[in-house]
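Novice: Got a predicted structure plus its sequence, pasted below:
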Amino acid sequence: MEMQDVPRMNPEELYTRMAQGAAVVVLDVRTADGLSVQPDQIPGTRWLPLAEVVQQADTLPRQRTIVTYCA
């Protein structure tokens, strides 16, 4: 899958989906340093640094929409 094939979601759409109870997993993929500089996260977010996503892929639910962000 190429980058242009990956669907994008703006913050308002994510908020609406979460408010409606959609099956969404939000991953904060920032490094530990990035998280320490700006510790705010979207409520309910799971922190999983980008460098670990491939190794942890089996722990992510396949039946939910996975949204990644790095603020």
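Specialist: Received it, and whenever you're ready, just let me know what you need.

Novice: Count the residues that sit near Val6.
Specialist: 8 (other CB atoms under 10 Å). Quick note: C-beta positions are derived from backbone N, CA and C, even for glycine.

Novice: Could I get the phi/psi values of it?
Specialist: With angles defined as degrees, to the nearest 10, Val6 sits at phi -80, psi 120.

Novice: repeat for Val25
Specialist: Main-chain dihedrals, Val25, degrees, to the nearest 10: phi -110, psi 120.

Novice: so how far is Thr59 from it?
Specialist: Counting by CB to CB, to the nearest Å, the separation of Val25 from Thr59 is 10 Å.

Novice: Same check on Gly44?
Specialist: For Gly44, the distance to Thr59 - CB to CB - is 16 Å.

Novice: same question, Thr65
Specialist: 16 Å.

Novice: same thing with Arg8?
Specialist: Taking CB to CB, one finds Arg8 at 24 Å from Thr59.

Novice: returning to what we had before: tell me which of Val25 and Thr59 has more neighbours.
Specialist: Val25 (16 against 9).

Novice: Of all the helix elements in this structure, which one is longest?
Specialist: Looking across the chain with DSSP state H, the single longest helix is helix 11-19.

Novice: Show residues contacting it.
Specialist: Contacts to helix 11-19, defined as CB atoms under 8 Å, 6 or more residues apart in numbering, come from residues Met9, Val24, Val26, Ile42, Gly44, Thr65, Val67.

Novice: Show me how to select, in PyMOL, the buried members of those residues.
Specialist: Of the contacts of helix 11-19, the buried ones go into a single PyMOL selection, burial set by 16 or more other CB atoms under 10 Å:
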select buried, resi 26+67
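
Novice: Just give me the neighbour total for Tyr69.
Specialist: Neighbourhood size, Tyr69 [other CB under 10 Å]: 15.

Novice: mind listing what it touches?
Specialist: Per CB under 8 Å, 6+ apart, neighbours of Tyr69: Val26, Leu27, Asp28, Val29, Ile42.

Novice: measure the residue lying closest to Thr65 once chain neighbours are set aside to Val53 for me?
Specialist: Residue nearest to Thr65 in three dimensions, not counting chain neighbours: Val24, with 5.0 Å by CB to CB, 6 or more residues apart in numbering. According to CB to CB, Val24 stands 16 Å off from Val53.

Novice: Appreciated, that's everything.
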